[in-house]
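Peer 1: Provided below are the primary sequence and the corresponding predicted coordinates.
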Amino acid sequence: MTSETADYLTQPTTQELDHIPGDYGWPLLGKAIPFSRNPMQVCEEHYQNYGAVSRFQMGNERVLLALGPENAQALHLDSDRNFSSEKGLMRFKPLIGGSLIMKDFEEHRFQRRLMQTAFKNTTMREYAPGINAVCERNIRRMAAEREFRFFGYSKEMLLQIAAETFTGVDSEGKEIALLTGAFNDFVSAFDFLFPIDLPGFKFHRGMRAKTQISDFISGMIADKRRSDDQDILAHFCRERDDQGNYFSDRDIAENFVLLLFAAQDTTTASLVNTFYELGKHPQWQHRLREESQALGKEQIEWEDLERLPSYTLVFNEVQRLHSSVPLFPRRSIRACEISGVEVPAHTMLINAITYNHRMPEWWQQPELFDPERFERGEHKQHAFLFHPFGGGAHKCIGMHFAQYVYKSFLHQVLMQYEIVLKPDYSPTWQYLPMPKPTDNLPVSLRPLAR
């Protein structure tokens, strides 16, 4: 860093964006409410009226929308180091401030080292039996219900997987009940409007929950360092930096809280929206089922991850239509240019993944569920046209783990059941903090005829 930019973390965010086309929205709130309700609509209005880069306001902060694959590439790859992830996510610093996602440049590379061993192929093979066992147990529980709301069941199942795979604790024991309550409060805090740390506000509940989760993790670190356990926390605890030192307890706890959030919440969205699309398009259930039957296994192993190509097509199309991570923010470090627009130093920018994935100039019939578009190569028109796991230095380190959980669960479901929605089911949608039907997707599992 030069002396010009070395103090970028201490600088206030610029509010001087009047020279850029756009619409701030209402005083005080700006466009926070319509954007949280339907970011697609706000992005479309701005893109059509003002182009790929435009100004608007979220609460008391002025922001640039930087839309489209070119801007996604510029922000993700950032070869000139113009953009900070830490400052882009500063709103969430109280919740995830010490974690990998909040780090820039050398510090990011240093912290990423903490996670690498836990997500190597040789390590992830060890997680497969536990993941399959939790899936099997929860599928039986779901199938016993005449109808159930899949969001809640999916979320609980994935937290059980996280408990066993990430920490080694019994996912049916008393620890999981405490962890579940804290984790739900933690996740719900991410769509706060104002960071009011007082009883009765979701931000306060989230901060209290983070402390509970961090204390739970911190209490296990010393024992995990001495153990030969193979869960993710144990790998974190035994990892060393370039000087041979253990990572600090704080580094481990902060990154573990983020990992719980990322692995559980995004995969929940993927599964819920896949159930919706497969219920609407039973021909794809049939195609996936045939592929699973041809594999000839009740449960898939790690080596089978690439042997279910139609599952990959469906996963990609669900991510395109219902991006589990709808947005990603950055803040400029110095004055720079993006899409021909002069961006002042210390400016907040948002790229909307959920909008990029539906832009009609890039995608054929973008509102249509059509997994075969990924066989045709529509996504290959631009390297950042389809980017559900991010890119560059911040590309999701757990993306293969997430896809294994996704495929393992769906494989077991489709080998035994048909996913059935209510007749003429047409839900309203929540977009943030993750996309899902607002009624949490009522669904049934119908046993296959033998």
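Peer 2: Structure's in. What do you need? Residues are numbered from 1 along each chain as shown.
Peer 1: Count the neighbours of Glu277 for me.
Peer 2: A total of 18 residues lie near Glu277 under the criterion other CB atoms under 10 Å. Yep, even glycine has a C-beta here, placed from its N, CA and C like the rest.
Peer 1: which stretch of helix or strand covers it?
Peer 2: Assigned by DSSP states H and E, Glu277 falls within helix 249-280.
Peer 1: what comes up buried for whatever helix or strand comes next after that helix?
Peer 2: Following helix 249-280 in sequence order, the next helix or strand is helix 282-295 (DSSP H and E). Buried residues in helix 282-295, counted by 16 or more other CB atoms under 10 Å: Trp284, Gln285, Arg287, Leu288, Arg289, Glu291, Ser292.
Peer 1: thinking again about what came up before, what is the orientation angle of the helix holding Glu277 with helix 282-295?
Peer 2: Per axes from the mean of the first three to the mean of the last three CA atoms, to 10 degrees, the angle that helix 249-280 makes with helix 282-295 is 110 degrees.
Peer 1: Buried residues, helix 249-280. List them.
Peer 2: Neighbour count says helix 249-280 has 249, 251-279 buried, by 16+ other CB under 10 Å.
Peer 1: thinking again about what came up before, compile the buried residues of helix 282-295 into JSON lines and extend it with columns for pLDDT and distance to Ser310.
Peer 2: JSON lines is the format used below for those (pLDDT from 0 to 100; distance: CB to CB, whole Å):
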{"residue": "Trp284", "pLDDT": "98", "distance to Ser310": "8"}
{"residue": "Gln285", "pLDDT": "98", "distance to Ser310": "11"}
{"residue": "Arg287", "pLDDT": "98", "distance to Ser310": "5"}
{"residue": "Leu288", "pLDDT": "98", "distance to Ser310": "5"}
{"residue": "Arg289", "pLDDT": "97", "distance to Ser310": "10"}
{"residue": "Glu291", "pLDDT": "97", "distance to Ser310": "5"}
{"residue": "Ser292", "pLDDT": "97", "distance to Ser310": "9"}
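Peer 1: Now Gln381. Nearest residue, chain neighbours left out?
Peer 2: Excluding the flanking residues, the one nearest Gln381 by CB to CB, 6 or more residues apart in numbering is Trp362, at 6.1 Å.
Peer 1: Over to Met399?
Peer 2: Excluding the flanking residues, the one nearest Met399 by CB to CB, 6+ apart is Phe389, at 4.3 Å.
Peer 1: What does Val63 show for phi and psi?
Peer 2: phi -140, psi 150 (degrees, to the nearest 10).
Peer 1: Near it, how many other residues are there?
Peer 2: For Val63, using other CB under 10 Å, the count is 26.
Peer 1: Tell me how far the helix holding Glu277 lies from the chain's centre.
Peer 2: Here helix 249-280 is found 6 Å from its chain centre; the criterion is CA atoms, centre = their mean, to the nearest Å.
Peer 1: I'd like the mean pLDDT over that helix, please.
Peer 2: Taken as a whole, helix 249-280 has an average pLDDT of 88.
Peer 1: what do you get for stretch 72-84?
Peer 2: For stretch 72-84, the mean confidence score works out to 95.
Peer 1: Contacts for that stretch next, please.
Peer 2: By CB atoms under 8 Å, 6 or more residues apart in numbering, the surrounding residues in contact with stretch 72-84 are 8-9, 66, 104-105, 328, 330-334, 336, 338-339, 349, 351, 353, 356, 382-384, 387, 390-392, 394-395.
Peer 1: still on that earlier bit, so the residue nearest to Gln381, which state does it fall into?
Peer 2: Going by DSSP: H, G, I helix; E, B strand; the rest coil, the secondary structure assigned to Trp362 is coil.
Peer 1: Next one: it relative to Arg320, how far apart?
Peer 2: With distances taken as CB to CB, to the nearest Å, Trp362 is found 11 Å from Arg320.
Peer 1: Just want to know which of those two has more residues nearby.
Peer 2: Higher neighbour count among Trp362 and Arg320: Arg320, with 25 against 17, using other CB under 10 Å.
Peer 1: how close does the closest residue to that one other than its chain neighbours sit to Phe35?
Peer 2: Nearest residue to Arg320, sequence neighbours excluded (CB to CB, 6+ apart): His357, at 4.4 Å. According to CB to CB, His357 and Phe35 sit 17 Å apart.
Peer 1: swap in Arg334?
Peer 2: 27 Å.
Peer 1: Which residue of those two possesses the greater neighbour count?
Peer 2: Neighbour totals were compared for Arg334 and Phe35, and Phe35 leads with 24 against 16 (other CB under 10 Å).
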